[in-house]
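Asker: based on what follows, work out the 3D shape:
(chains A and B)
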Amino acid sequence: MKISWWKILSIVLLAYAIVGGLLLPVPELPQLGETIRNLYFHVCMWFAMMILYTFSVVYSIKYLRTSSFKFDIKAKAYADVGTFMGLLGYSTGAIWASYTWADPNNPAYASFGSIMREPKLIGAAMALLIYGAYFVLRSSIIDMDQRARVSAVFNIFSYAMLFPSIWIIPRLLPSLHPGQEGNPALNFNDIDLRMRIVFYPAVIGWTLMGAWITNIKIRTEMIREKNIL
Amino acid sequence: MESGIHFRALLKKEFLLDFRQQHSFFGILLYIASTVFVLYLTMGDIEAETWNALFWVTQLFICINAVAKSFLQEAKGRMLYYYTTTSPVVFILSKISYNGILMIVMNVINLILYTALLGNPTSSFWQFLEISLVGSIGLSLVFTLLAAIASKALQQASLMAILGFPIIIPQLLLLVRLSKTAFSEIFKDGAPTQIILLLLALDISVVILAMILYPFLWKD
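Answerer: Alright, predicted model coming up:
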């Protein structure tokens, strides 16, 4: 069995992120406490999601340029795994919020309304809804060539509309979520040095893991569609 | 030069179609009237903020219904005819312009009905009218391309809403926010101008994307 270097890198980085993430020192902050370690998992999921969606759009553009069915399979697979990462990002975020944001005096669902109004959550919800719509669109077109072409067009259009909104909405609404100034998690001053040495490797590790899963999906799909490729 | 003639011919065709097949045009008018009437019966007295939110949601649904028809009513044979006679960019631009004009008309009618039935809490009516016109043109731009996409699929009408809602959220938020200027809410200096510029930038990018992407949808 052949394992490429980046798959080994992914395993090493994730092992480091999990062990280091749970054991290395973190800044002690009120409210957050030890839950701050969730940063290595929660934020990485969103990074992985956006990077995988970007790959999906790149393959959609390639499909429109070449009409090669291979690229359509890749675009679909990257969108699939991106959505999976997004759902994981939501669930890790929900666990985190239940310890930090939720009102302890009221039942959890009472805080839900105010938590969902968070700009970052709206942006993430938009991304997931758009790709949900992408899958519905795909399944409602029967002709294969047309399905590939129309969904590629929608993928490019919605991605182009998604990005300005992720940039606009946080500037319109108030937020509890960290990273209010500028782009979340890309600002170097946001994160303590002690956390950065685990955070950046973790981002790369999770993204490579996502790419690995996609890779397997693409290969199985290619085998399934062997006679038309 | 030739594309200019095509553009005018296509635009004229849209209006002629509306004039001859009056059911679709009056269908939307009736849709607006019954929606606002239902709101009037169910809502009673409403505050300015609710009025504003309701207005934009109604506007969104009107837009989906009005714009959806522009591609859904094109028969397959007729699309083939366009394909042989004109270019995709001219075609999509004519659709965009027609839908923009249609939405302006619908917007004015909607606003009149709102004022008549649900009252008018705005402090400066003309300003609200201007903002709503800018907004409805923006909505019609996005939904024109989405209608073109949805027309290729099954269950077109419901697909329009699924495809459109997540994409339209930022524009809708900006519009709801901007229209609060007409309710004499105080803004930071330059904030309304900034929002208007953002909306214009979004509109321009949608038109450019439509011109780039529509040629791919066009081929069958």
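Asker: can you give me the helices in chain A?
Answerer: A:5-23, A:39-66, A:69-100, A:108-116, A:119-139, A:144-168, A:193-224 (DSSP state H).
Asker: the last one packs against which elements?
Answerer: Meaning helix A:193-224. helix A:5-23, helix A:39-66, helix A:69-100 (3 or more CB pairs under 8 Å, 6 or more residues apart in numbering or on different chains; DSSP states H and E). Yep, even glycine has a C-beta here, placed from its N, CA and C like the rest.
Asker: now that helix: average pLDDT?
Answerer: What helix A:193-224 shows for mean pLDDT is 88.
Asker: would you mark the buried spots in it?
Answerer: A:195, A:198-199, A:201-215, A:217-218, A:221 (16 or more other CB atoms under 10 Å in any protein chain shown).
Asker: distance from it to the middle of the chain?
Answerer: 11 Å (CA atoms, centre = their mean, to the nearest Å).
Asker: next one: the shortest one
Answerer: Taking the mean of its C-alpha atoms, helix A:108-116 sits 23 Å from the chain's own mean (CA atoms, centre = their mean).
Asker: element containing the residue nearest the centre of chain B?
Answerer: By CA atoms, centre = their mean, chain B has its centre lying nearest to B:S140, at 2.7 Å. Per DSSP states H and E, B:S140 falls inside helix B:125-150.
Asker: by contact count, what packs against that helix?
Answerer: Counting by 3+ CB pairs under 8 Å, 6+ apart, helix B:125-150 packs on helix A:144-168, helix B:48-72, helix B:88-118, helix B:156-179, helix B:191-218.
Asker: as JSON lines, the ones you listed with mean neighbour count would be great.
Answerer: Listed next are the helices and strands packed on helix B:125-150 as JSON lines, based on neighbours: other CB atoms under 10 Å in any protein chain shown:
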{"stretch": "helix A:144-168", "mean neighbour count": "21"}
{"stretch": "helix B:48-72", "mean neighbour count": "20"}
{"stretch": "helix B:88-118", "mean neighbour count": "19"}
{"stretch": "helix B:156-179", "mean neighbour count": "21"}
{"stretch": "helix B:191-218", "mean neighbour count": "17"}
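Asker: okay, the ones you listed in a markdown table with distance to A:L29 next?
Answerer: Below are these laid out as a markdown table (distance: least, CB to CB, whole Å):
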| stretch | distance to A:L29 |
| --- | --- |
| helix A:144-168 | 26 |
| helix B:48-72 | 36 |
| helix B:88-118 | 49 |
| helix B:156-179 | 31 |
| helix B:191-218 | 33 |
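Asker: can the ones you listed go into TSV with extra columns for distance to B:L29 and mean pLDDT?
Answerer: Shown next, in TSV, are the helices and strands packed on helix B:125-150 (distance: least, CB to CB, whole Å; pLDDT from 0 to 100):
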stretch	distance to B:L29	mean pLDDT
helix A:144-168	30	87
helix B:48-72	10	88
helix B:88-118	7	91
helix B:156-179	18	86
helix B:191-218	26	88
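Asker: how about those helices, which one is nearest A:L87?
Answerer: In terms of CB to CB, the element of the helices and strands packed on helix B:125-150 nearest to A:L87 is helix B:156-179, at 15.6 Å.
Asker: ok, now which ones touch B:A157?
Answerer: B:A68, B:L72, B:A150 (CB atoms under 8 Å, 6 or more residues apart in numbering or on different chains).
Asker: count of neighbours near the last one?
Answerer: B:A150 has 28 neighbouring residues, counting by other CB atoms under 10 Å in any protein chain shown.
Asker: state the distance from the closest residue to A:C44 other than its chain neighbours to B:L129.
Answerer: Leaving out its chain neighbours, the residue that sits closest to A:C44 by CB to CB, 6 or more residues apart in numbering or on different chains is A:W206, at 4.2 Å. Distance of A:W206 to B:L129, computed by CB to CB, to the nearest Å: 50 Å.
Asker: do A:M116 as well
Answerer: 33 Å.
Asker: tell me who's in contact with the residue most central in space within chain A.
Answerer: Residue closest to the mean C-alpha point of chain A, counted by CA atoms, centre = their mean, is A:M49 at 1.8 Å. Each residue near A:M49 by CB under 8 Å, 6+ apart is listed here: A:G82, A:T83, A:M85, A:G86, A:G89, A:A127, A:G210.
Asker: swap the cut-off to 7 Å and go again
Answerer: With contact taken as CB atoms under 7 Å, 6 or more residues apart in numbering or on different chains, A:M49 is in contact with A:G82, A:M85, A:G86, A:G89.
Asker: ok, so of those residues, who is nearest A:F135?
Answerer: A:G82 (11.4 Å).
Asker: neighbours around the closest one, how many?
Answerer: Look at A:G82: counted by other CB under 10 Å, it has 24 neighbours.
Asker: mind checking how far B:S70 is from A:S158?
Answerer: 20 Å.
Asker: surely A:V153 meets B:L217?
Answerer: Yes. Using CB atoms under 7 Å, A:V153 is in contact with B:L217, at 5.6 Å.
Asker: now the common contact residues for those two.
Answerer: Each of B:I149 lies in contact with both A:V153 and B:L217 under the rule CB under 7 Å, 6+ apart.
Asker: any idea which element B:I186 lies in?
Answerer: Per DSSP H and E: nothing holds B:I186, as it lies in no helix or strand.
Asker: tell me the pLDDT at it?
Answerer: pLDDT, B:I186: 72.
Asker: mind listing what A:K7 touches?
Answerer: Counted by CB under 7 Å, 6+ apart, A:K7 has contacts A:W212.
Asker: the residue nearest to the centre of chain B against B:N99, yeah?
Answerer: Yes. Between B:S140 and B:N99 there is a contact at 4.3 Å, judged by CB under 7 Å.
Asker: mind listing the shared neighbours of those two?
Answerer: Here B:S140 and B:N99 have B:V67 as joint contacts, going by CB under 7 Å, 6+ apart.
Asker: quick one: A:K226 and chain B, what's the gap?
Answerer: Distance from A:K226 to chain B, counting by CB to the nearest CB, to the nearest Å: 26 Å.
Asker: show me the shaky parts of chain A.
Answerer: A:1, A:30-31, A:103-104, A:108, A:114, A:170-191 (pLDDT under 70).
Asker: just the closest of the contacts of B:A157 to chain A, please.
Answerer: Distance to chain A, by CB to the nearest CB, is smallest for B:A150 among these, at 7.9 Å.
Asker: quick check: the closest one touching B:L163?
Answerer: Yes. Look at B:A150 against B:L163 with CB under 7 Å: they come within range, at 6.2 Å.
Asker: the helix holding B:S140: which residues count as buried?
Answerer: Quick answer for helix B:125-150 (16+ other CB under 10 Å): B:127-128, B:131-150.
Asker: get me the contact residues on chain A for chain B.
Answerer: Applying CB under 7 Å from any CB of the partner chain, we find that chain A lies next to chain B at A:64, A:122, A:126, A:129-130, A:133, A:136-137, A:140-141, A:146, A:149-150, A:153-154, A:156-158, A:160-161, A:164-165, A:168-169, A:172.
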